[in-house]
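give me a 3D structure for the following:
(one chain, ligands or ions: 4)
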Amino acid sequence: MTTPPVKTLCPYCGVGCGLEVLPSVGETGQVRGDRTHPSSLGKVCVKGATVTQALNRDRLLYPLRRSSLQDPFTPVTWDQALEEITNRIQALQATPESICMYGSGQLQTEDYYVAQKLLKGCLGTNNFDSNSRLCMSSAVAAYQQSFGADGPPCCYEDLELTDYAFLIGTNTAECHPIIFNRLRLHHKHHPGTRLVVVDPRTTPTASAADLHLAIKPGTDIHLLHGLGRLLLDQGGANQEFIARHTQGFEDYLKVLSHYPPDRVAATCGITIADLKQVAHWWQTSKRVLSLWSMGLNQSAEGTAKARALINLHLLTGQIGKPGAGPFSLTGQPNAMGGRETGGLSHLLPGYRSVTNPQHRHELEVAWGLTRGQISPRPGRDAWEIITGLETGAVGLLWIVATNPLVSLPDLERVKAALAQSPFTIYQEAYHPTETAAFAHLLLPAAQWGEKTGTMTNSERRVTLCPQFRSPPGQAQADWRIFAQVAHRLGFGAQFPYQESSQVFEEFAALTAGRPCDLSGLSHRRLSEQGPCQWPCPPGHPGTPRLYQDLNFPSGRARFSATHSHGLAEPPDSTYPWVLTSGRLYGHWHTQTRTGRIEKLRQMHPEPFLEIHPRDAAKLGIETGDAVQVRSRRGQAQLPVRITAAITPGTLFVPMHWGALWADQAAVNTLTHPLACPDSHQPELKACAVQIFPL
Ligand SMILES: Nc1nc2c(c(=O)[nH]1)N[C@H]1C(S)=C(S)[C@@H](COP(=O)(O)OP(=O)(O)OC[C@H]3O[C@@H](n4cnc5c(=O)[nH]c(N)nc54)[C@H](O)[C@@H]3O)O[C@H]1N2
Ligand SMILES: Nc1nc2c(c(=O)[nH]1)N[C@H]1C(S)=C(S)[C@@H](COP(=O)(O)OP(=O)(O)OC[C@H]3O[C@@H](n4cnc5c(=O)[nH]c(N)nc54)[C@H](O)[C@@H]3O)O[C@H]1N2
Ligand code: SF4
Ligand SMILES: [Mo]
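Ligands and ions are numbered 1, 2, ... in the order given. Have a look, this model is predicted:
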């Protein structure tokens, strides 16, 4: 007899496709698309389809410890591991600011929430940040500043209702394949629907577009202001919408006056005709939907870039109706849950802020803390954790569900900082990873399918992910590990949970009346009635679109008025090339799962550097030749791939190859940590480099 399929969510990207797992088929179960899941309607990409194949490969099975990074690891019991963590935290409790946790958008909502309560509540430090700092924080800041609250206003149905899809800084075809699938089918079957892609590379996404603007890296604000100026000059502004629903228009107008089309086209490296075409389509389309991801967010002006895009929607009134709006695509499966639970160092659960006294007070009451227990100061962001290790301000670092020794910028500096860490705990599903080499204590984590919890996808849809297999060895759910430490520290009364459903219940109640209201949801409702989009108070069916009444959380939506500052590290005569980085269809980040799946390894067997034929000819190199790439911070050695798909002067390296998977191919040895002043998101998309044939 076979067991019935388990309905769950794909644990890879933020599309959040519904999966049905048949746990008893084969060694680790088989996957198919869940036709009843509204976000994906039965579709899956190659990553989702193969995900169970890595469940039993190279898992971390029991806690491992060592006194110094030079020693080998030896097994310890959970009791010994938890006791040591408890003692070390107690020793630092008088200076809670020296305790840091660095988490991830791959944690479930329940894991995230319990960590916030422990760190920001009980320990009184806001030093919880996550890899979403490298990913979504510019979108979070942009939505907050433009609308008064975070939260993507659109939904996937809009992909099929739009007349004009404007994709900027997103390789949707490879990174959000099922979203792209829906959009491509709509585009194909509805002649007259336009698809425009803005990306310095001719990605598979760009190849499918009616028009591809191959702008120079970092010129997005010029382009967006140039479009704003054209729309305005040609009578495309929606004056009634602007007058009724926005503020800051006058200042925006002043900024636009500095972006005449000829200058914009020259700066971006595109033709005036193409610029005018894109503006014309925007003006003449009834419904305009824009999609963006890392090409805008990962920038030292990431917030300003995203807001310049939102400005165009405010200028033309393209928001609050089906098929329209500025839609930030989230990267990780639970990037959204991280935002809901306050998983960045300036946030608190329920879209609250650590700097808001009322918000702190609400949580202090709910959590049974004394008044003033939650610190009013934002904690350390991801990079400030690294600089805190350098100065000795950080005494304990607890890393969970992320592999920073591949994914943080300026890896040589990160390594040196981690080598100085008094005590690093690393809670991870797989072993080895690059980060394990810099940890003192390894804690084995149960992953997707081995614990029950929820995740929220890009369209605010919450899906329950039930446990369908036992965790291997002694691995445990992340939230259980945090709760056990809390008990040992004497906070047992605050962490009474037997099951993750109780954690969710407590968290959901705290969101009542907040923008991300999911107080009508419970594990039981999600299991019985399926996934649901917030806001969703009790008895509510869920909300596909925000702001349909054009009442924004800030009342009126706000135009931004920011000039472009260009790249943080522009090319110069010594470092003349711009290096960008990103993703490939079959691999997931640092390969902890996908590197262990044969089919995906064969799809993308090795790292490479993309270079334009003209540039390659200048250097006298051919496809397959090895080059050394040097930045002011480090070097990498990569085989060359010559392709006209990249803008001359720009180079591309995929981010997937850390030290475990290839020798000296990690792109982040080259990148810098200079970040957006508003979101603190580093400019991972551009740094200046040299290249030398080897
Ligand atoms: N296959 C796969 N899918 C994934 C992931 C994965 O690892 N593998 N990861 C997930 C995660 S966490 C994320 S955040 C998303 C990321 O999804 P995307 O943002 O789509 O992916 P990236 O490849 O990082 O970057 C997108 C594009 O930005 C372009 N770009 C670089 N500089 C600029 C610029 O200055 N301006 C503009 N307009 N564009 C620029 C790059 O050429 C690249 O094609 O993908 C998610 N999905
Ligand atoms: N140069 C450059 N650098 C980048 C980017 C880029 O575009 N260019 N993109 C940035 C972005 S957007 C992102 S999101 C980051 C991603 O970077 P990382 O977060 O470092 O990448 P992952 O490989 O996804 O690491 C997640 C880890 O969590 C583990 N894991 C999975 N599930 C669980 C669980 O339930 N519990 C626990 N404890 N562990 C689990 C996995 O085994 C894996 O090792 O990289 C960033 N770095
Ligand atoms: S598109 Fe994303 S969520 Fe859907 S199956 Fe692929 S990786 Fe999973
Ligand atoms: Mo991401």
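
domains in this structure, as residue ranges please.
6-54, 64-135+333-449+466-495, 137-331, 577-693 (automatic domain parsing).

quick one: neighbours of the closest residue to ligand 4 within the stretch 151-300 of the chain, just the number.
As assessed by CB to the ion, ligand 4 sits closest to Met294 within the stretch 151-300 of the chain, at 6.8 Å. All C-beta spots, glycine's among them, are computed from the backbone N, C-alpha and C. When counting by other CB atoms under 10 Å, one arrives at 27 neighbours for Met294.

so how far is Ile89 from the closest residue to ligand 2 within the stretch 151-300 of the chain?
Residue nearest to ligand 2 within the stretch 151-300 of the chain: Met294 (5.3 Å; CB to the nearest ligand atom). Distance, Met294 to Ile89, by CB to CB, to the nearest Å: 35 Å.

so what's the backbone phi/psi at the residue of the stretch 151-300 of the chain closest to ligand 4?
Backbone geometry at Met294, expressed as degrees, to the nearest 10, gives phi -70, psi -20.

can I take it that Phe692 is in a helix?
No: applying DSSP: H, G, I helix; E, B strand; the rest coil, one finds Phe692 to be strand, outside a helix.

tell me who's in contact with it.
Going by CB atoms under 8 Å, 6 or more residues apart in numbering, Phe692 touches 627-628, 630.

that one pairs with what?
Beta-bridge pairing for Phe692 (DSSP bridges): Gln628.

ditto for Met455
Beta-bridge partners, per DSSP bridges, of Met455: Thr463.

in the stretch 301-450 of the chain, which residue sits nearest ligand 3?
Going by CB to the nearest ligand atom, ligand 3 is nearest to Pro333 of the stretch 301-450 of the chain, at 6.8 Å.

next one, pLDDT for the closest residue to ligand 3 within the stretch 551-694 of the chain please.
Going by CB to the nearest ligand atom, ligand 3 is nearest to Trp588 of the stretch 551-694 of the chain, at 7.6 Å. pLDDT, Trp588: 98.

how about the residues of this structure by ligand 3?
Within the chain, the positions near ligand 3 by CB under 6 Å from any ligand atom are 10, 12-13, 15-17, 40, 44-45, 47-48, 177-178.

run the last query once more with 8 Å
9-17, 19, 33, 40, 43-49, 51, 176-179, 333, 457, 588 (CB under 8 Å from any ligand atom).

are any of these buried, and if so which?
9-17, 19, 33, 40, 43-45, 47-49, 51, 176-179, 333, 457, 588 (16 or more other CB atoms under 10 Å).

restricted to helices, list these.
Judged by DSSP state H, those include 47-49, 177-179 as members of helices.

can I get those residues in a markdown table with pLDDT and distance to Phe147?
As requested, these are exported to a markdown table (pLDDT from 0 to 100; distance: CB to CB, whole Å):
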| residue | pLDDT | distance to Phe147 |
| --- | --- | --- |
| Lys47 | 98 | 32 |
| Gly48 | 98 | 32 |
| Ala49 | 97 | 37 |
| Pro177 | 98 | 29 |
| Ile178 | 98 | 27 |
| Ile179 | 98 | 22 |
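
the nearest residue to Asn311 once chain neighbours are set aside: how many residues sit nearby?
Distance criterion CB to CB, 6 or more residues apart in numbering; nearest residue to Asn311, sequence neighbours excluded, is Phe559 at 5.4 Å. Neighbour count of Phe559, defined by other CB under 10 Å: 23.

OK, contacts around Phe559?
Listed by CB under 8 Å, 6+ apart, the contact set of Phe559 reads 246-249, 251-252, 311, 314-315.

shouldn't Gln373 be in contact with Lys120?
No: between Gln373 and Lys120 there is no contact under CB atoms under 8 Å: 9.3 Å.

more neighbours, those two?
Lys120 (29 against 16).

what about that one, distance to Arg461?
For Lys120, the distance to Arg461 (CB to CB) stands at 26 Å.

I'd like to know how far the residue of the stretch 301-450 of the chain closest to ligand 3 sits from Cys536.
If you go by CB to CB, the gap between Pro333 and Cys536 works out to 19 Å.

next one: Ala304
Ala304 sits 32 Å away from Cys536, going by CB to CB.

again, but for Thr341
Plainly put, Thr341 is 16 Å away from Cys536 if you go by CB to CB.

neighbour count winner among these two?
Thr341 (32 against 23).

ok, Thr271 - contacts?
Thr271 neighbours (CB under 8 Å, 6+ apart): Ala265.

now it: phi and psi?
phi -90, psi 150.

which ones are touching the residue of the stretch 251-400 of the chain found nearest ligand 4?
Proximity of the stretch 251-400 of the chain to ligand 4 (CB to the ion) peaks at Gly331, 2.8 Å away. Going by CB under 8 Å, 6+ apart, Gly331 touches 13-14, 105, 135-136, 175, 293-294.

now Arg632
By CB under 8 Å, 6+ apart, the contact set of Arg632 is 569, 575, 672, 688.

ok so it is a helix residue?
No: Arg632 is assigned coil when assessed by three-state DSSP, not a helix.

which pLDDT value belongs to it?
For Arg632, the model assigns a pLDDT of 98.

again, but for Ser290
The model reports Ser290 with a pLDDT of 98.

go on, Gly26?
In this prediction, Gly26 carries a pLDDT score of 89.

no more questions from me, cheers.
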